[in-house]
Every structure is written in C-alpha cells, then in structure tokens.
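[1] Here's a sequence, model it:
(one chain, ligands or ions: 2)
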Amino acid sequence: MHTVAVLSLKGGVGKTTVALGIASAALRRGARTLVADLDPQGNATATLDPPYTDATLADVLATPVRDVLRQAVAPSAWSPEVDVLVGAEELELLNEPGPEDDQVGNLSRALDELHERPLRGRPYELAILDCPPSLGRLTKSALVAADSAILVTEPTMYAVSGAQRALEAIERIRDELNPGLKAAGVLVNRLRPRSHEHQFRIAELRESFGGLVMPTAIPDRLAVQQAQGACSPIHDWHSPGAQEVALTFNMVLAKILRSNRAGRHRIDRDVAETPAESTGPVPRIARTADDARR
Ligand SMILES: Nc1ncnc2c1ncn2[C@@H]1O[C@H](COP(=O)(O)OP(=O)(O)OP(=O)(O)O)[C@@H](O)[C@H]1O
Ligand SMILES: [Mg+2]
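    Ligands and ions are numbered 1, 2, ... in the order given. Sure, this is the predicted structure:
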C-alpha cells in the first residue's frame, strides 16, 4: 500500500479536488483505494458520499483500534473499490497542538492495521490523505503516516513562498518522525494555459523547485465542479474538459506510484515493476530568488 498525503498551506487551492482526482484515476486503473478525510469540513466525504457510519476519523485518531476502524470506514457511492475513512467536524478539536502529541502517530497506526489485516475485500493499494488547510496537528498526522506528499498550489503570486513553507514542514517531519517521507512533487492546479500570469508563476515555481514541480498541471475546468456536485468520479464525467482533467490525474497517479521506492509498506504488483523516478528526499530549497540562481 502506498500512502500519499495531499496538502497545501492555503485553503481552497484544490487539495480535495486532487485527492478525489487521484482516487478517480486509481478506480479507473483498478487499484483498491482508501480516502481518509482529515478535513473537519468533510468535503471529500461529501463527494464520495458513503453511508452513515457510527464512528469517524476523529474516533480513529483518538483510538486507532480495529473495532473503531470497522465503524469509521465505509464504501463510497463511487464503487466498493473506493472506501472512505469518514471526516467529521469534531476533527477540528484535534487540530490544535496539545499535550497528547503522541497521538500524532495514531493515523499511522490505524493505516498499519488496515494494511496488515484488511477490513473486507482486497487489501488497499493506495491510501490518499486529504488534509485540512493548515499545517496543524491533523496535517502532521498525515505526514507521519504518509510515504509521499503532494503539495497543491495555484499559479499565483504567493505560490512559491507557500510551497516553500509546506516543503519545510515535510522536511521537519521527515527529520523528526518519518524518515521515509518523500515529496512526490508540487502540483499546480487551476491552470489556464493561455494566461501569461499563470505561465510566469509556473516558471517562477520551476526556478525555485526545479524538477519537484510536476510536469503536469491540472487545468481549470468547470467539469471539475460539476462532477464534484454530482458526487461522480471525474473519469465518469463525459465532457471534453472532464476527460482532459482525468488524463492529467492519470499522470499524477503514475508519478505517485513511481515514487514509492522505499515506503513503509511494500508496494504491490504492477507498481513494483515501474522504473524508479527521481522524486527522492526533499531537495534543499532556495530561500530567495537570488539563492535559486546560485
Ligand atoms: N481544476 C479545477 N477546475 C475548476 N474548479 C476547481 C479546480 N480545482 C478546484 N476547483 C474548485 O475550487 C473549489 C476549491 O477546491 P477544493 O475544495 O478542492 O480546495 P481545497 O484546497 O480542498 O479547499 P479547503 O482548503 O477548503 O479544503 C471547489 O469548488 C472546486 O470544485
Ligand atoms: Mg479540501
């Protein structure tokens, strides 16, 4: 099982859209997937639309045992191949730093349990962690549990500084708590390819982060919002815009799976046969544009 955290420093840049897009690509590829909704807003849960559960991720983070997991994980309305570890408003209470910081490993423990003894059906090949819009305790839990992390950003003026701070957070967790954690890349969302401003911002990101910026950006398409509103995987939404977005998510998924060389959990089947790609440890980050040129 490969576990990928989807995070950003800012709200509303497309974390949930990316988490759902990757889940949709995984479903199309036939990879059994778990989406864990760490956001108290519960947007991923709303679009995946599982049946009511007696427990939520908030309960799992407090008590990461099998009985609680069994009550907090449900199949999505998309397919029995995509399960949801459901989000809830109560997660907000777990986002502030507290004395029980040992709980930061509880999501990791829960995923270990699911990996070792699947609840039902085939084992998961992929777990996607949709983070809230902050680098608080919930995102920290996700980074402790993850094999890799995707940073989502929009091509705007503050993208470089936001990505830099998020990459530093990944570095910190890697150094202190999760040595296997890798940055799978910086993913630009809501690209309008004809916008000079967007092209300029992407060039700026590449100057600072080089190959860490994913070659594929997610275009800004109305179909994304339509599919989410209809609780549908983007791959099932039949419009040219949706198909374009779906294709980019296929590429993002392939890149994530290729990055999994030394994850905590062994990789599965066909994924293991894919050649390695240089997503390695987080590179040293240029602090200023001048540093970047040196
Ligand atoms: N590529 C896109 N094209 C069109 N609309 C998009 C795209 N990406 C995201 N959106 C829309 O932008 C809004 C915010 O996206 P999303 O909820 O994925 O962001 P988020 O980072 O998860 O937000 P939050 O920080 O609140 O969790 C949503 O309405 C979503 O449908
Ligand atoms: Mg979200």
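[2] any idea what sits nearest whichever residue of the stretch 51-200 of the chain sits closest to ligand 2, other than its immediate chain neighbours?
    Nearest residue of the stretch 51-200 of the chain to ligand 2 (Cβ to the ion) works out as residue 130 at 6.0 Å. C-beta coordinates here come from the backbone N, C-alpha and C atoms, glycine included. Among residues not flanking residue 130 along the chain, residue 19 sits closest, at 3.9 Å (Cβ to Cβ, 6 or more residues apart in numbering).
[3] host element of that neighbour?
    In this assignment (DSSP states H and E), residue 19 forms part of helix 15-29.
[4] and that helix, is it in reach of ligand 2?
    Yes - if you take Cβ under 5 Å from the ion as the test, helix 15-29 does meet ligand 2, through 15-16.
[5] That helix near ligand 1 anywhere?
    Yes - using Cβ under 6 Å from any ligand atom, helix 15-29 comes into contact with ligand 1 via 15-17.
[6] Among those, which one sits closest to residue 71?
    When the residues of helix 15-29 next to ligand 1 are compared for distance to residue 71 (Cβ to Cβ), residue 16 wins out at 23.2 Å.
[7] tell me the contacts of the closest one?
    Applying Cβ atoms under 8 Å, 6 or more residues apart in numbering to residue 16 gives the contacts 6, 39, 43-44, 47, 130.
[8] Out of the residues you listed, which sit inside strands?
    6, 130 (DSSP state E).
[9] Out of the contacts of residue 16, which comes closest to residue 206?
    Within the contacts of residue 16, proximity to residue 206 (Cβ to Cβ) peaks at residue 6, which comes in at 20.8 Å.
[10] Could you point out the helix or strand that follows the lengthiest strand in the chain?
    If you go by DSSP E, the chain has its longest strand at strand 182-191. Remark: after strand 182-191, the chain's next helix or strand is helix 196-209, criterion DSSP H and E.
[11] pLDDT-wise, which helix or strand of the protein ranks last?
    Every helix and strand of the chain was ranked by mean pLDDT, DSSP states H and E. The lowest is helix 269-272, at a mean of 34.
[12] Could you tell me which residues of the stretch 1-150 of the chain lie near ligand 1?
    Residues of the stretch 1-150 of the chain lying near ligand 1 (Cβ under 6 Å from any ligand atom): 8, 11-17, 39, 41, 43, 133.
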